[in-house]
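Q: Attaching a predicted model along with its sequence, questions to come.
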Amino acid sequence: MKGIIFTEFLDLVEKKFGLEMVDDILNKSNLESNGIYTSIGTYKFSEMLQLLQHLSANTQISIDDLLLVYAEHFFSVLEDSYPGLLATYSDPIEMLSSIEDHIHVEVRKIYPDAELPTFEIVEKTPNSLIMIYKSSRAMHHFGLGLMNKTFEHFNSTAKIELEKIKEDGTEVRFIVNKNK
C-alpha cells in the first residue's frame, strides 16, 4: 500500500482526534515500519489494518465509518494535488465509470507499483451506474466515500447502494443512481 495512504490517514487522525491519538494507535500497533511513513514509500496493508482497528477501538467508530470519513479527507487531497485530473470530467457518472481505464492509469504513472482495486462496469446510463469492486483489502467503504465526494464535487447527489457479493467484502456491487 502506498505511503500517501498512511501519511494522509495519520494527518486526518491528528486533525480529528489529536496528536495523542496518533501516538496511541502507532504505539499499540506492531508496525514493521515503526510508524515512519513517506508518501512515496510502500508499506504492508496489515499496518493500515492495525491502525484502523486501534482507532476504531479508541473512538468506538466502526472501521467502515472511519473509512468513509477518511475517503472524504482523501478526496480533498486529490482535488488539491491533481486538479487537472478532475477537470477532465463534467459529470460524476462519467468520472466514476472511468476509474479503471483512466484514473487508475494515471495513478500508476505516479505510483507504478500501486496495488489498486479493480472496478468492472456492469451497466451504465447517463444517470446510473452498476460496477463491481474487487480488492483483497475489502476497503469498499473507502470507495463509497470517494464516490460520495465525487457527486459533491460536481454539485450533484446520488443514491449509492453497496451489496456485498462476497461476505468478506472483497467483492462488492455498487449501484449508483444519480438524483435528478
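A: Good, I have the coordinates.
Q: With residue 179 as the reference, measure out to the residue positioned nearest the centre of the chain.
A: Using CA atoms, centre = their mean, the residue of the chain that lies closest to the mean C-alpha position is residue 142, 3.4 Å off. Summarising the geometry, the distance separating residue 142 from residue 179, computed by CB to CB, to the nearest Å, is 23 Å. Just so you know, the C-beta spots here come from the backbone N, C-alpha and C atoms, and that holds for glycine as well.
Q: And for residue 48?
A: To residue 179, residue 48 is 33 Å away according to CB to CB.
Q: between the two, who's got more neighbours?
A: Set side by side, residue 48 and residue 179 show more neighbours around residue 48, with 19 against 9, by other CB atoms under 10 Å.
Q: Now do the strand or helix carrying that one, average pLDDT.
A: With secondary structure defined by DSSP states H and E, residue 48 is part of helix 45-59. Across helix 45-59, the average pLDDT comes to 97.
Q: what packs against that helix?
A: With contacts defined as 3 or more CB pairs under 8 Å, 6 or more residues apart in numbering; DSSP states H and E, helix 45-59 has these neighbours: helix 3-17, helix 19-28, helix 63-81.
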